[in-house]
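K.L.:
my questions are about this predicted structure, shown below with the sequence.
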Amino acid sequence: MRGHQWLLGLGLWMMIGLAYAAVLQHVQPGVGTIDEDQAFILHFDQPVTAAQLTEHSYCQSSALGERIPLQVVPMEQAQALLQEQSYMYEADRADQFLVMQCAQRLASGSELVLQLRDQRQRSLVPKVFYGDQPGLHFQVRGPLRVQLWCDKTRSTADCNPLRPLRLQFSAPGRLRSFREST
């Protein structure tokens, strides 16, 4: 690889004297509704360090008037997320991936803009990701609601214990987390 040098500390790729900042290639989740404590899997076109992103990048919630810092997800949890949820993850390119989340829990029903910036305050998110409004835009899911239905022999009677109960949730969830909460 003559003529190529990787400068991880600066987050720049040098090729024949030409340097450019890392560019986001893929983010998971990409669009739609996210959880209040959502972790984002970020895949870049070159190696990046967490220090490069945490210093100048932030979350902006419609529920708060201030920037929320980004934090790195602990290594053990990040590895599990990468292996379970990222179809693009390969161990030999692990230095191109970061798993980050907002430093505080987001308000239910709010809107989130994830701003990824380099040292020069330039966006690391290509325009194709966001169109006219810079940053990655997400909707934080609303409060979880559960409805319970049961069969009754009379309208004033209690539920019939011989008939099944039915639960309907306002948002999808993992069965394991529901079992842990009971």
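P.N.:
Received, thanks.
K.L.:
so what's residue 69 bridging to?
P.N.:
Taking DSSP bridges as the rule, residue 69 bridges to residue 58.
K.L.:
run a quick neighbour tally on it.
P.N.:
Other residues near residue 69 number 13, with proximity taken as other CB atoms under 10 Å. C-beta coordinates here come from the backbone N, C-alpha and C atoms, glycine included.
K.L.:
hey, where'd the strands end up in the protein?
P.N.:
Assigned strands in the chain, in chain order: 4-7, 12-15, 18-21, 24-28, 33-34, 39-44, 58-61, 67-72, 97-102, 111-115, 136-140, 146-149, 166-169 (criterion: DSSP state E).
K.L.:
any idea how far the fourth one is from the chain center?
P.N.:
The chain centroid and the centroid of strand 24-28 are separated by 10 Å under CA atoms, centre = their mean, to the nearest Å.
K.L.:
excluding sequence neighbours, find me the nearest residue to the residue positioned nearest the centre of the chain.
P.N.:
The chain has residue 40 as the residue nearest its centroid, 2.4 Å off, counting by CA atoms, centre = their mean. Take residue 40 and drop its neighbours on the chain: the residue closest to it by CB to CB, 6 or more residues apart in numbering is residue 100, 5.5 Å away.
K.L.:
tell me the most buried of the strands of the chain?
P.N.:
Looking across these with neighbours counted as mean count of other CB atoms under 10 Å, the highest average goes to strand 97-102: a mean of 23.
K.L.:
name every strand pairing with that strand and say which way it goes.
P.N.:
Taking DSSP bridges as the criterion, strand 97-102 pairs within the sheet with strand 39-44 (antiparallel), strand 67-72 (antiparallel).
K.L.:
who touches it?
P.N.:
When contacts are defined by CB atoms under 8 Å, 6 or more residues apart in numbering, strand 97-102 is touched by residues 37-44, 48, 50, 53-54, 57, 59, 61, 68-73, 77-78, 81-82, 86, 89, 112.
K.L.:
pull that strand out as PDB, backbone CA atoms only.
P.N.:
Coordinates of the C-alpha atoms in strand 97-102 are reproduced here as PDB (Å, rounded to 0.1, in the frame of the first residue of the first chain):
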ATOM      1  CA  PHE A  97     -17.700   1.200  13.100                       C
ATOM      2  CA  LEU A  98     -18.800   3.200  16.200                       C
ATOM      3  CA  VAL A  99     -21.800   2.500  18.400                       C
ATOM      4  CA  MET A 100     -23.000   5.700  20.100                       C
ATOM      5  CA  GLN A 101     -26.100   7.000  21.900                       C
ATOM      6  CA  CYS A 102     -27.300  10.300  23.300                       C
END
